[in-house]
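Novice: How does the following fold in three dimensions:
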Amino acid sequence: MKPFAQRGPDPGPDPTVAMIEANRGPFATTQLTVSPGNGFNGGTVYYPTDTSLGTWGALAIVPGYSALFANEEAWMGPWLSSFGFVVMGVETNSRSDDDNARASEILSALAWLTTASPVKDRLDPDRLSVLGHSAGGAGAIRAAERQPSLRAMIGLAPGFPGNALSMSTDHVPSLVIGGQNDATVTPSYLSSLYGTLPAGTQRAFAQIAGADHVYYTHANNVEMKILIPWLKVFLDSDTRYTQFLCPSLPDPSGVSAYRPTCPYVPPPGG
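Specialist: Next comes the predicted model:
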């Protein structure tokens, strides 16, 4: 398989609003089950079947407190991988693991994915990202602090009760999404957390209209129309997708607040 740096222009069709809001992208996908071990409790890997376009960037997803990826975020796997990503849903060693444990598990999953998994030759180990919901979102923030070489971090209502959370040392491009009606990770809390990000960190904040804390555990295209461009820009250095982030959202329906920090400058490809 050709390395990312040799695969030529941005793969896939020119994106449109309708494309990023559809529940499947342009690539066919398949999946495999991962057994427990290697620092995490197994999970599922979703990946494009096309081997002609070079290696893909990877995203690891970790669930929230007391939750299973299989029950809450599995809907994201085939959806995101069809846009040209290797996606790994990570199950935690204990459902009560705190944010630091979840950070260790998601980073262990990425290490396994890039060095020992059956799909390691399909992905680029230099183009990795993390996503988490609630306690998993807090874990994703911790993972970005520990591994600043990550290309993107996405926190969906990130937070962990009793653990002081800050993003003040986070230099990974960070997308934070919250719910307008979230009584657990409240809008005021999330705004304050987002405000701790360093001025030099590329970042964006979005609030979903009417969303509660578990909104993200159900299939929806409101978060996806922001999340997919974020990954395409920062994992793939595909600047065709910046139009969906800057200077505003082309389709703001379902989004009650959006605070980008344009322009977004992805790292060089490869």
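Novice: thinking in terms of the whole chain, how far from its middle is the strand or helix carrying Val86?
Specialist: Element membership for Val86, per DSSP states H and E: strand 85-90. Distance of strand 85-90 from the chain centroid (C-alpha atoms, centre = their mean, to the nearest Å) equals 9 Å.
Novice: helix or strand right after it?
Specialist: Sequence order places helix 99-115 as the next helix or strand after strand 85-90, per DSSP H and E.
Novice: Pull the residues that contact that next one.
Specialist: The contact list for helix 99-115, computed with C-beta atoms under 8 Å, 6 or more residues apart in numbering, reads 34, 38-41, 43, 45, 58, 60-62, 86, 88, 90, 92-94, 97, 119-120, 123, 125, 128, 130, 132, 135-136, 138-143, 145-147, 160, 163, 165. In short, each C-beta sits where N, CA and C put it, glycine included.
Novice: What segments of this protein are strands?
Specialist: 29-34, 43-48, 56-62, 85-90, 123-133, 152-156, 174-179, 203-208, 255-260 (DSSP state E).
Novice: Next, format those as TSV and append mean pLDDT, distance to Val214 and mean neighbour count.
Specialist: Converted to TSV, these look like this (pLDDT from 0 to 100; distance: least, C-beta to C-beta, whole Å; neighbours: other C-beta atoms under 10 Å):
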stretch	mean pLDDT	distance to Val214	mean neighbour count
strand 29-34	98	24	16
strand 43-48	98	20	25
strand 56-62	97	15	29
strand 85-90	98	17	28
strand 123-133	97	9	25
strand 152-156	98	10	29
strand 174-179	98	9	26
strand 203-208	98	12	22
strand 255-260	98	17	16
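Novice: Same list, the ones you listed, but as CSV with distance to Pro267 please.
Specialist: Formatted as CSV, the entries for the strands of the chain read as follows, by distance: least, C-beta to C-beta, whole Å:
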stretch, distance to Pro267
strand 29-34, 25
strand 43-48, 21
strand 56-62, 11
strand 85-90, 16
strand 123-133, 9
strand 152-156, 10
strand 174-179, 14
strand 203-208, 15
strand 255-260, 18
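Novice: looking at those, which is closest to Ile226?
Specialist: Among these, strand 203-208 comes nearest to Ile226, with 5.3 Å by C-beta to C-beta.
Novice: Quick one: distance of that closest one to the chain centre.
Specialist: On the basis of C-alpha atoms, centre = their mean, strand 203-208 sits 13 Å off its chain's mean C-alpha point.
Novice: so what strands line up beside that strand?
Specialist: When pairs are called by DSSP bridges, strand 203-208 turns out to pair with strand 174-179 (parallel), strand 255-260 (antiparallel).
Novice: Distance to Ile226 added to those, as JSON lines?
Specialist: Compiled in JSON lines, these are given as follows (distance: least, C-beta to C-beta, whole Å):
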{"stretch": "strand 174-179", "distance to Ile226": "7"}
{"stretch": "strand 255-260", "distance to Ile226": "8"}
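Novice: thinking Pro148 is in contact with Pro173, fair?
Specialist: No: contact between Pro148 and Pro173 fails when scored by C-beta atoms under 8 Å: they sit 10.8 Å apart.
Novice: Which one's more surrounded, these two?
Specialist: The residue with more neighbours, out of Pro148 and Pro173 and counting by other C-beta atoms under 10 Å, is Pro173; that gives 26 against 10.
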